[in-house]
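> Here is my input, please return the structure:
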Amino acid sequence: MTKTPKTIPEFSLAVQYGIEDKQLPRWRLRRWVAVALAGAVANTDTADLQHIVLTIRLVGQREGKMLNQTYRHKDYATNVLTFQYDSAPDCQSTVMADIVICTPVLKREAREQSKSYLHHAAHLVIHGTLHALGHDHLHARDANVMESLEKRILARLGMPNPYGSET
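Predicted coordinates:
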């Protein structure tokens, strides 16, 4: 029996610039989300998923800290936050989420970790997209699954393993 290839669900992407970043235009963010979705569909059960509605918001330090403080009770700006929303009862096959990326933290981390800014940005977009699809890393097993998926997706983009040299 021939296996039918899985198709990427339709997706809508809005990009909000709370802070300017010419290196992260909408087309680049959209490409990274599309590759993340393709990788997730190929490697996980997404049979019922038909539509994804995402917003990516790039923010500065102040807004990043405020959001992390308000929703996670952490008194610092973090690199990426994902807010996944419940679908309307008649839209169970739709995922809706906001992904917030704090670009000053992204820049600092890329510099400290000797990573390319765009490679680190792609990793955070992919990480946030996987969270929107329900992946998590609270437990070691889930973290291993999510990290493995991130590495495969980044490899499809020709980008290195963000977790170091291990396979």
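> how about the helices in the chain?
With DSSP state H, the ranges of helices along the chain come out as 26-43, 61-72, 103-112, 117-132, 140-156.
> Quick one: residues contacting M96.
52-54, 84-85, 87 (Cβ atoms under 8 Å, 6 or more residues apart in numbering). The C-beta positions use only the backbone N, C-alpha and C, and glycine is treated the same way.
> Distance-wise, check it relative to L49.
12 Å (Cβ to Cβ, to the nearest Å).
> How about V15?
22 Å.
> Of these two, which one has the most company?
Set V15 next to L49 and count neighbours by other Cβ atoms under 10 Å: L49 wins out with 22 against 18.
> Now the more buried one: closest residue in space, sequence neighbours ignored.
P9 (4.8 Å; Cβ to Cβ, 6 or more residues apart in numbering).
> Now the one you found: phi and psi?
phi -60, psi 150 (degrees, to the nearest 10).
> which residues does it contact?
P9 touches 37, 41, 46, 49-52, counting by Cβ under 8 Å, 6+ apart.
> redo that, cut-off 6 Å
Contact analysis of P9 by Cβ atoms under 6 Å, 6 or more residues apart in numbering lists 49-52.
> can you tell me how far it sits from L130?
14 Å.
> is it true that Q84 touches V95?
No: counting by Cβ atoms under 6 Å, Q84 does not reach V95; the two are 7.2 Å apart.
> which of these two has more neighbours?
Taking neighbours as other Cβ under 10 Å, Q84 and V95 compare with V95 leading, 23 against 14.
> Could you report the distance from that one to T82?
11 Å.
> which neighbours do those two share?
A132.
> Just give the closest residue to D136, not the sequence neighbours.
Using Cβ to Cβ, 6+ apart, the closest residue to D136 is D142 (5.2 Å).
> Can you verify my assumption that that neighbour contacts G134?
No: using Cβ under 6 Å, D142 is not in contact with G134, being 10.3 Å away.
> what pLDDT does L154 get?
Per-residue confidence at L154 stands at 97 (pLDDT).
> ok, of the contacts of P9, which one's closest to V33?
Closest to V33 out of the contacts of P9 is I52 (8.3 Å), distances taken as Cβ to Cβ.
> wait, that closest one sits on A97?
No: between I52 and A97 no contact is recorded; they are 7.9 Å apart, counting by Cβ under 6 Å.
> Compare neighbour counts for those two and give me the winner.
I52 (23 against 19).
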